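**Q** Need the 3D shape of this:
(4 chains)
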Number of protein chains: 2
Amino acid sequence: MASTIDDVARAAGVSTSTVSYVLSGKRPISAPTRERVERAIQALGYRPHAGARALASSRTDVLALMAPLRVDVDVAVIMQFVAGVVTAARTFDHDVLLLTSDEIAGMERVASGSMVDALVVMDVEAEDPRVPLLGRLSQPAVLIGLPRDPGPLSCVDLDFDAVGRLAVQHLADLGHRRIALIGSPRAVMERHTSYAERIIDGFTHGVAAAGLEGVVEPCESSSVGAADAVDRVLARLPDVTALVVHNEVALPWVLATLRERGRDVPDDISLVAVSPPDVALGQPLPLTSIDIPAHTIATVAVEMAMARVLRAEPAETRLLAPRLVLRASTTPPHA
Amino acid sequence: MASTIDDVARAAGVSTSTVSYVLSGKRPISAPTRERVERAIQALGYRPHAGARALASSRTDVLALMAPLRVDVDVAVIMQFVAGVVTAARTFDHDVLLLTSDEIAGMERVASGSMVDALVVMDVEAEDPRVPLLGRLSQPAVLIGLPRDPGPLSCVDLDFDAVGRLAVQHLADLGHRRIALIGSPRAVMERHTSYAERIIDGFTHGVAAAGLEGVVEPCESSSVGAADAVDRVLARLPDVTALVVHNEVALPWVLATLRERGRDVPDDISLVAVSPPDVALGQPLPLTSIDIPAHTIATVAVEMAMARVLRAEPAETRLLAPRLVLRASTTPPHA
DNA sequence: ATGAAAGCGCTAACAG
DNA sequence: CTGTTAGCGCTTTCAT
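**A** Alright, predicted model coming up:
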């Protein structure tokens, strides 16, 4: 155990470089030689030393992922992103080094220390202080989210502006005239988290364009928080007929509160959830929803990162178009 | 940018080794020399190359964390573990490489490739196939959970057997005679996930010891799953007066179902939650709960790992004693 | 208290 | 198609 490339070379009766090349495939090797080398590798249980390889090749085969590990909203969504990034990274033979969002210095540390080939950063805010920092690193970075000025960085995200519009559109098409958006906790809004602001923009503009009445309420991620938000909506717009809910944790409580207030879904109030499909389906009533395709976004993020690492491709911004899945929680409003 | 230790040495007018030693503190350096070196480091923005360091020292300053990134139960708990491990690792100047539970080969890859100094493995099952593999690695491993035979590995976990007993004890003390445990999804049970089985053992033995009637029901993590579980309990034990619920996702729905079935908490049915405190407090009624101290467990896991890396301490198993926090959801049963 | 130098294990010219 | 060899940037004896 713990053999080196030279051990393998000796055992196979070839030179070090030959072993290196059968491993990397960077030059043609005759079938018999390759055979002998592979046998030796097997026999010795040889594994290249990652540090040595990184030192010699200046590639680490590791991706940094900066994720918000607070227990805010969307734990499930965050987990799906993280799982998606890890899975996608593996398809490029990369591993994932996990950083938390609250340790900004971590980016600098792992990048300048040449621990990673690229960085993927989640939960980006409009004026995110990490963005200028990331721009100065020698490794490429991909943002999940959309800062006001991405500079030289790549970005991917669901087009939350389009999400807001699409939800409004769907409800307007059904004939609703007074609708509300129940969104993220106030703290998330105040951080100017990009998705939270963009969905509001889309909603607001959609409402204006369709000539509807619409209100927006933040919503804390708890039972009382949800009840409060619903009550504020009902106070501001007593004859509201539809809700867009973008808060996974609050969703069950929003439903519970509506029931308590005597409003049936969908008979009295239609509801569009913005959430992963499993959350929309786990409720007592399957909810019409706009999917947050965490897995796809994560995959695209990793692909963009690898494209820059492997092929030095330029930065780009990709916004994924939302899709609405019709389920049981939306109907035309009853007269 | 991208300067080497030799650049620093030259700039400071000292030898390479001197720079290395001011960095590591492994031998005394005169104040003025240290001063000059530190200035040079600042001036050049020098960062040691992680790969080179790993190659020369055979230490990586990286910990592997194998986490179950499925969207099963307990996403919030898993996130807390992960966040806790990352935070604790940082206090030892280590970073965290994230592996998913479903890629067993990952352990071998990162360990044999000398990418990490130690491994922390979550969500261990009674007969976990990873355990024997981990035992053969040259790096130490710490399990979060308790396999039947840990071999040479360290283990940490909440003492779930004691959790079961403590919950029963509390309810028995209040005067309850017929109680139920609503637990993990069937799939989790069938994997023989260690915590799920241990809490059942504790519950069952506690019930027997106190001469109570008790039933155990698995519970899927959804609205219908929770309703089913509650209904099965009510069918098997119609005059049940207390519930222990160990399923974070189902918790809101269990409460909702009880209300629908006309059972008030705590007037008709007392409820003990086994969950992180924030979940117990996020419900409409603050729940009496036995805390899952994810952060503490994570910290201990990392400390054990580092103790083995730094001081070659022997493996040990540590089970954390549970604490019950009395809140509003448990009372003596009404006549 | 400091320096010189021998590796650590691998990659990638360069040379056949 | 294969071998030789010079580094990659750092740690750590061994000297002084």
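
**Q** pLDDT below threshold where in chain A?
**A** The model of chain A has pLDDT under 70 over residues A:1, A:71-73, A:335.

**Q** buried ones in stretch A:41-58?
**A** A:41, A:44, A:46, A:47, A:48, A:49, A:50, A:51, A:52, A:53, A:54, A:55 (16 or more other Cβ atoms under 10 Å in any protein chain shown). All C-beta atoms are positioned from the backbone trio N, CA, C, and that covers glycine.

**Q** whoops, stretch A:215-225 was the one
**A** By neighbour count on 16+ other Cβ under 10 Å, the buried set for stretch A:215-225 is A:215, A:216, A:217, A:218, A:219, A:220, A:221, A:222, A:223, A:225.

**Q** Which residues does it contact?
**A** Stretch A:215-225 has contacts (Cβ atoms under 8 Å, 6 or more residues apart in numbering or on different chains) with A:72-73, A:180-186, A:188-189, A:200, A:203-204, A:226, A:228-229, A:232-233, A:236-237, A:240, A:245, A:247, A:249-250, A:253-254, A:256, B:252, B:281-284.

**Q** Also near DNA strand C: which of those residues, exactly?
**A** Among these, proximity to DNA strand C is found for none (Cβ under 7 Å from any atom of the strand).

**Q** Buried ones among these?
**A** By neighbour count, with 16+ other Cβ under 10 Å, the contacts of stretch A:215-225 hold A:72-73, A:180-185, A:188, A:200, A:203-204, A:226, A:228-229, A:232-233, A:237, A:240, A:245, A:247, A:249-250, A:253-254, A:256, B:252, B:281-284 as buried.

**Q** What about those residues, which are in helices?
**A** Secondary-structure check on those using DSSP state H: residues within helices are A:188, A:200, A:203-204, A:226, A:228-229, A:232-233, A:253-254, A:256, B:252, B:281-282.

**Q** State the pair within the residues you listed that is farthest apart.
**A** Farthest pair in these (Cβ to Cβ) is A:204 and B:281. Separation: 33.4 Å.

**Q** Residue A:165 is in what secondary structure piece?
**A** Using DSSP states H and E, residue A:165 falls within helix A:160-174.

**Q** hmm, who's touching that helix?
**A** The contact list for helix A:160-174, computed with Cβ under 8 Å, 6+ apart, reads A:179, A:181, A:194-195, A:198-207, A:209-210, A:212, A:214, A:242, A:244, A:246, A:270, A:272, A:274, A:288, A:290, A:319, A:321-322, A:324, A:330-333.

**Q** CA-only coordinates of stretch A:241-256 in CSV, if you can.
**A** Provided in CSV are the C-alpha atoms of stretch A:241-256 (Å, rounded to 0.1, in the frame of the first residue of the first chain):
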residue,chain,number,x,y,z
THR,A,241,-58.4,35.3,-4.8
ALA,A,242,-55.0,34.0,-5.5
LEU,A,243,-51.6,33.6,-3.8
VAL,A,244,-48.1,33.0,-5.0
VAL,A,245,-46.0,31.5,-2.3
HIS,A,246,-42.2,31.5,-2.5
ASN,A,247,-41.2,30.1,0.9
GLU,A,248,-40.9,26.4,1.2
VAL,A,249,-40.8,26.3,5.0
ALA,A,250,-43.9,28.5,5.4
LEU,A,251,-45.9,26.7,2.8
PRO,A,252,-47.6,24.2,5.1
TRP,A,253,-48.5,26.9,7.6
VAL,A,254,-49.8,29.2,4.9
LEU,A,255,-52.2,26.4,3.9
ALA,A,256,-53.1,25.8,7.5
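
**Q** Let me see the ranges of the helices in the stretch 51-200 of chain A.
**A** Taking DSSP state H, counting those that start in this stretch to define them, one finds helices in the stretch 51-200 of chain A at A:75-91, A:105-112, A:130-136, A:160-174, A:186-190, A:194-210.

**Q** Rebuild the ones you listed as CSV, extending it with distance to residue B:83.
**A** CSV is the format used below for the helices of the stretch 51-200 of chain A (distance: least, Cβ to Cβ, whole Å):
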stretch, distance to residue B:83
helix A:75-91, 10
helix A:105-112, 13
helix A:130-136, 18
helix A:160-174, 25
helix A:186-190, 17
helix A:194-210, 21
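
**Q** Kind regards, and thank you for your time.
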